[in-house]
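Q: missing the sequence, but the structure's below:
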């Protein structure tokens, strides 16, 4: 099986992770079977804080074998459900390093995409301020990477169809961001910056409505810089797409029914 280099493309310091997880009461001494049984009961009861305590105990006390892999999958899921998104991403990155050949990487990729989307939600919902040109929607780009990687490498996954819907939405959302940044630069007569942004749109998100709508900015910027030949080429491109229409892109809602994969059962899928 291939190996992925990164799930989230988001580096977290060990100090920040430790700061979030160091204030937990000690879990009693017990066998790995007993500890995981309690963790799983808490997961099923949606008591994610307690599940995390016991899963952490399994992971730290029994760091090798199937129970360790099972606990690490559970930690990604439980931290996601408990809105501990940075910890969930740290768990996902660690799982990738330790289990790069796992048959459950599609589950980890899908969760990483959901987590990065959650981290980027404020970016989508909040209106731009005066510093919009300096804003970088990194977590949404990461989410798109997660979903596209899942589609590419796990086309038969139960998460592939929903990942395709989410990836399409994110591509259009990120294209709209680039369009707005291009408009910001154009209004300030920063024509070189405008050209670079719109060319980036054409290269990265060529079939989106935002790219189509940004083409006049490119033409006007070339004209302002007295670059008549490229301006004429863009004018022709605009003319060719005059009657082009774009389907409405719905906002993804909910997610696939998530169940932590079972690596303990020999018949588990």
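A: Great, that's in hand. Only a predicted model underlies this, so the values are computations on that prediction, with no experimental measurement involved.
Q: going by C-alpha atoms from here, please, whenever you check contacts or count neighbours.
A: OK.
Q: following the lowest-mean-pLDDT helix or strand in the chain, which helix or strand shows up next?
A: Using mean pLDDT, DSSP states H and E, helix 14-21 stands out as the lowest-scoring helix or strand of the chain, at a mean of 40. Once helix 14-21 ends, the next helix or strand along the chain (criterion: DSSP states H and E) is helix 32-44.
Q: what's that next one packed up against?
A: Secondary-structure packing of helix 32-44 (3 or more Cα pairs under 8 Å, 6 or more residues apart in numbering; DSSP states H and E): helix 48-61, helix 66-81.
Q: and residue 178, which of these is closest to it?
A: Checking the helices and strands packed on helix 32-44 against residue 178 by Cα to Cα gives helix 66-81 as the closest, at 28.7 Å.
Q: tell me the mean pLDDT over that closest one?
A: In this model, helix 66-81 has a mean pLDDT of 96.
Q: next helix or strand past that helix?
A: Sequence order places helix 85-98 as the next helix or strand after helix 66-81, per DSSP H and E.
Q: what is that next one packed up against?
A: Partner elements for helix 85-98 (3+ Cα pairs under 8 Å, 6+ apart): helix 14-21, helix 66-81, helix 105-125.
Q: what angle separates the second one from helix 85-98?
A: Read it as helix 66-81. 150 degrees (axes from the mean of the first three to the mean of the last three Cα atoms, to 10 degrees).
Q: chain center to helix 66-81, what's the gap?
A: Between the centre of helix 66-81 and the centre of its chain there are 18 Å (Cα atoms, centre = their mean, to the nearest Å).
Q: quick one: contacts of it?
A: Contact partners of helix 66-81, identified using Cα atoms under 8 Å, 6 or more residues apart in numbering, comprise 32, 36, 43, 48-49, 51-52, 55-56, 58-59, 62, 85, 87-89, 91-92, 95, 99, 108, 111, 115, 260-264.
Q: show me which positions of it end up buried.
A: Residues of helix 66-81 classed as buried: 67-81 (neighbour count, 16 or more other Cα atoms under 10 Å).
Q: which one of those sits closest to residue 168?
A: Of all the buried residues of helix 66-81, residue 168 sits closest to residue 80, with 22.5 Å by Cα to Cα.
Q: and the top helix by length along the chain, what's its mean pLDDT?
A: The single longest helix within the chain, with elements called by DSSP state H, is helix 160-187. Here helix 160-187 scores 95 as its mean pLDDT.
Q: on that earlier part again, just the buried members of the contacts of helix 66-81?
A: 32, 36, 43, 48-49, 51-52, 55-56, 58-59, 85, 87-89, 91-92, 95, 108, 111, 115, 260-263.
Q: quick one, domains of the chain?
A: The chain breaks down by automatic domain parsing into domains covering 1-13+25-103, 104-256.
Q: contacts for stretch 245-256, please.
A: Under Cα under 8 Å, 6+ apart, the answer for stretch 245-256 is 159, 162, 165-166, 168-169, 172, 208-209.
Q: try 10 Å
A: 110-111, 114, 158-163, 165-170, 172-173, 207-210, 212 (Cα atoms under 10 Å, 6 or more residues apart in numbering).
Q: sorry, back to before: widest-spaced pair of the buried residues of helix 66-81?
A: Across those (Cα to Cα), the longest gap, 20.7 Å, separates 67 and 81.
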